[in-house]
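Undergrad: For reference, the sequence and a predicted model appear below.
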Amino acid sequence: MVIEIDASSTETQFILPRSLYTTGSRTLVTLKLQNALLVDVSETVSFPSLKTLTLISMKFPLDAFIRTLLSSCPVLEDLFVVKCGGDNVACLVVRVPSLKFLTVRTTAEVGYHQGLVLDVPSLEFLDIVDYTDGFCVVENTMHKVIEAHLDVTYSHPQQLLASLTSLVQLSLCLTTSMVMPSSLKLLYTSL
């Protein structure tokens, strides 16, 4: 089952029904949401079949809610997130063992010093655009990533870059004041 909700053309924010988190989620494989409000539910959130999740300009009840949402997707393979101002997520934590494709877009209008925490051991493709002067913490080396596109203004991107040990293709855009340390250059001899 596939559900796509795009509420960007309405003046009022679309609130997702609580049933989506529980009874309506058992056979859901693809969920694409744009400009909707996710409400906190006390019931257990469960998306046992969800493989593709797209969240564009969403509003979340709490910073921790997105962690709960992602942890309820045991077979999730593809995550696409576009953060927006007022989304209530200062630090996006992505801990999904099954994830293979991750795209995160965060622009300066979201605010400054936004964070990204990654624990995605099966990841193969990474695409990050982040102009918030924020940070990225990688909890485990992403040794399966073969393609990465990074356009970031992180003050210390070294940990992120050092965790990408198996790259075949890298597109990298850092601020002009950043210089890639020579120790990292040795990691990418096959590029």
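TA: Thanks, I have the structure now.

Undergrad: For the top helix by length along the chain, C-alpha coordinates in PDB please.
TA: Longest helix in the chain by number of residues (criterion: DSSP state H): helix 65-71. Extracted in PDB, the C-alpha atoms of helix 65-71 (Å, rounded to 0.1, in the frame of the first residue of the first chain):
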ATOM      1  CA  PHE A  65       9.000  12.000  18.000                       C
ATOM      2  CA  ILE A  66      10.900  11.400  14.700                       C
ATOM      3  CA  ARG A  67      13.300   9.000  16.500                       C
ATOM      4  CA  THR A  68      10.200   7.000  17.700                       C
ATOM      5  CA  LEU A  69       8.800   7.100  14.200                       C
ATOM      6  CA  LEU A  70      12.000   5.900  12.500                       C
ATOM      7  CA  SER A  71      12.500   3.200  15.100                       C
END
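
Undergrad: what packs against the very next helix or strand once past that helix?
TA: Going down the chain from helix 65-71, the next helix or strand is strand 78-82, by DSSP states H and E. Counting contacts by 3 or more Cβ pairs under 8 Å, 6 or more residues apart in numbering; DSSP states H and E, strand 78-82 packs against strand 52-56, strand 101-106. Any C-beta I mention is one placed from the backbone N, CA and C, and that applies to glycine too.

Undergrad: buried residues in the shortest one?
TA: Within strand 52-56, the residues that qualify as buried are Thr52, Leu53, Thr54, Leu55, Ile56, counting by 16 or more other Cβ atoms under 10 Å.

Undergrad: From Gln159, how far off is the last one?
TA: With distances defined as Cβ to Cβ, to the nearest Å, the gap from Ile56 to Gln159 amounts to 27 Å.

Undergrad: all strands of this structure, in order?
TA: For the chain, applying DSSP state E gives strands covering 2-6, 14-15, 30-34, 36-37, 52-56, 78-82, 91-95, 101-106, 115-119, 125-130, 135-138, 147-152, 169-173.

Undergrad: Between the helices and strands packed on strand 78-82, which one is closest to Gln114.
TA: Of all the helices and strands packed on strand 78-82, it is strand 101-106 that lies closest to Gln114, at 5.5 Å by Cβ to Cβ.

Undergrad: I'd like the average pLDDT over the closest one.
TA: The pLDDT scores in strand 101-106 average 96.

Undergrad: what pairs with it, and is each one parallel or antiparallel?
TA: According to DSSP bridges, strand 101-106 has the following sheet partners: strand 78-82 (parallel), strand 125-130 (parallel).

Undergrad: buried sites along that strand?
TA: Phe101, Leu102, Thr103, Val104, Arg105, Thr106.

Undergrad: bridging residues for the fifth one?
TA: On DSSP bridges, the residues paired with Arg105 through beta bridges are Val82, Val129.
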